[in-house]
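[1] Give me a 3D structure for the following:
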Amino acid sequence: MNYYYLRPDIRYGSESLFDPYWVWINGSFDIMRNGVHDKDIFAHPWGHSFENVSWNLLHPLQAIEDYGVDAFIEREIGNLSTEVKKAQFAPNFALHAIGNGMKYKKLAEYYQYHGKSWPHLRSLLVSYSYHFVNELVENEYWSGANVDPISDLYIFNPLGIALYSWPAFNRFMSGTLHLSDWSLQPYYDPFSRYLENTGQQWMARYYLNEEKGRALFSYFGVDVILGYSWTSRRDSDASWSFGAGAGVNRLIETRTELSRVMLPEIDYEMGLFYDREKSLLFSAIVTGPRFFNIRLNAYPGLIRIRDWEPGFHLAFGESDAFMAGITLQRLPVGLGYRDTRAIRRLLAEHKIEWRKRFYD
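    Numbers count the residues shown, from 1 in each chain. A predicted model of the protein is given here:
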């Protein structure tokens with residue numbers, strides 16, 4: 001059976017990690033990348049978050065009225081402004097309709113491949129459950145109108161499901177744009193109790209000359225990088241991609257009496273990527289100048305230690321301090337370690353002032 005997005009024969013890279021557990025963890029805790037929410041998942045006020053998010057979803061009209069109908073339409077649905085603070089609708093469409101719609105379809109294909117009954121219903125339950133958990137993490141201690149889950153779960157998620165139920169749309173996204181899931185490699189630090197390196201990312205590539213392997217490239221999610229791809233000279237199935245763009249390094253909360261608005265703070269980025277058959281094997285992303293940082297991800301299959309092919313993550317800089325983690329193909333979460341002291345010593349040796357931003 002041919003699938004649009006699932007490639008079960010690929011046993012390396014990001015494709016080798018794909019299963020419902022990996023999807024659920026990356027989707028549930030994607031918002032933790034913004035540098036505001038506590039990554040200690042055991043310290044999160046789950047009960048309070050559940051109560052507030054549930055109230056907003058059960059009373060959407062009242063929540064929108066408290067937030068402001070015009071503000072909800074402008075910020076969450078769409079507008080023609082170029083101001084970042086009015087562009088909440090952009091990630092709603094790109095991540096929920098396009099990105100997570102694709103993930104819904106790929107999960108359904110996964111269940112079909114494994115012979116599970118009701119594959120689309122199973123995919124729907126996984127998709128909505130991780131979106132709901134992500135909204136709980138984002139809500140945190142807030143009490144009041146929270147319209148983000150309303151627009152995501154009631155408008156853009158159904159839009160994505162509708163789009164990816166259309167064969168012509170799937171042929172275009174998978175065949176013309178080569179849309180692929182390039183999400184991260186989550187791991188847990190038992191010392192800090194932090195869940196690190198979580199997040200959903202996608203890749204799209206439009207070939208200018210498919211025979212020569214030259215293509216326009218996009219890596220999108222919280223990080224958005226646009227650039228150029230070319231086929232490796234040594235391996236016709238492998239590609240290198242390079243680009244520049246921007247990413248959200250944190251969200252800034254603005255409150256009114258009845259509602260709040262989460263505004264993104266943007267940093268510039270450059271990225272280098274290596275994939276084989278659209279399965280990501282390596283990524284390196286450098287951010288700055290607000291927070292100079294480097295993040296490296298080597299996926300299973302890039303490095304082989306006898307019969308062992310683990311994935312690795314390494315990050316250091318002003319937002320991540322020093323982080324290192326290891327992941328395995330059979331487990332949705334690996335193990336890692338964060339050390340803020342190591343990067344402080346490194347910066348001090350180079351006479352660079354440490355600017356305390358996120359962590360003690």
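[2] which residues does T327 contact?
    Counting by CB atoms under 8 Å, 6 or more residues apart in numbering, T327 touches 17, 185-187, 300, 310-313, 333-334. Backbone N, C-alpha and C define where each C-beta goes, glycine included.
[3] ok, now how distant is the nearest residue to it once chain neighbours are set aside from S232?
    With sequence-adjacent residues excluded and distances taken as CB to CB, 6 or more residues apart in numbering, T327 is closest to G334, at 3.4 Å. For G334, the distance to S232 equals 27 Å [CB to CB, to the nearest Å].
[4] ok, the residue nearest to T327 touching D189?
    No: contact between G334 and D189 fails when scored by CB atoms under 8 Å: they sit 10.1 Å apart.
[5] Residue ranges in the chain under the pLDDT threshold?
    Across the chain, the stretches falling below the confidence threshold (pLDDT under 70) are 35-36, 80-87, 255-258, 340-360.
[6] what's the longest helix in it?
    When every helix of the chain is counted residue by residue (DSSP state H), the longest turns out to be helix 119-139.
[7] Helix or strand next in line after that one, which one?
    Sequence-wise, the next helix or strand beyond helix 119-139 is helix 148-151, with elements assigned using DSSP states H and E.
[8] where along the stretch 151-300 of the chain do the strands fall?
    When assigned using DSSP state E, counting those that start in this stretch, the strands of the stretch 151-300 of the chain occupy the ranges 180-181, 187-189, 194-196, 201-209, 214-221, 223-231, 238-255, 260-276, 279-288, 293-298.
[9] most tightly surrounded among the ones you listed?
    Ranked by average neighbour count under the criterion mean count of other CB atoms under 10 Å, the strands of the stretch 151-300 of the chain are headed by strand 180-181 at a mean of 24.
[10] List the strands paired with that strand, with their directions.
    In its sheet, strand 180-181 lies beside strand 201-209 (antiparallel), with partners assigned from DSSP bridges.
[11] Between strand 238-255 and the partner strand, find me the angle.
    Orientation check (axes from the mean of the first three to the mean of the last three CA atoms, to 10 degrees): strand 201-209 against strand 238-255 gives 140 degrees.
[12] So A43 versus H37, what's the distance?
    Counting by CB to CB, the gap from A43 to H37 is 11 Å.
[13] Who has more neighbours out of those two?
    Here A43 and H37 are set side by side on neighbour count (other CB atoms under 10 Å), and the busier one is H37, at 17 against 9.
[14] Could you verify that the more buried one is part of a helix?
    No: the assignment for H37 (DSSP: H, G, I helix; E, B strand; the rest coil) gives coil, which keeps it out of a helix.
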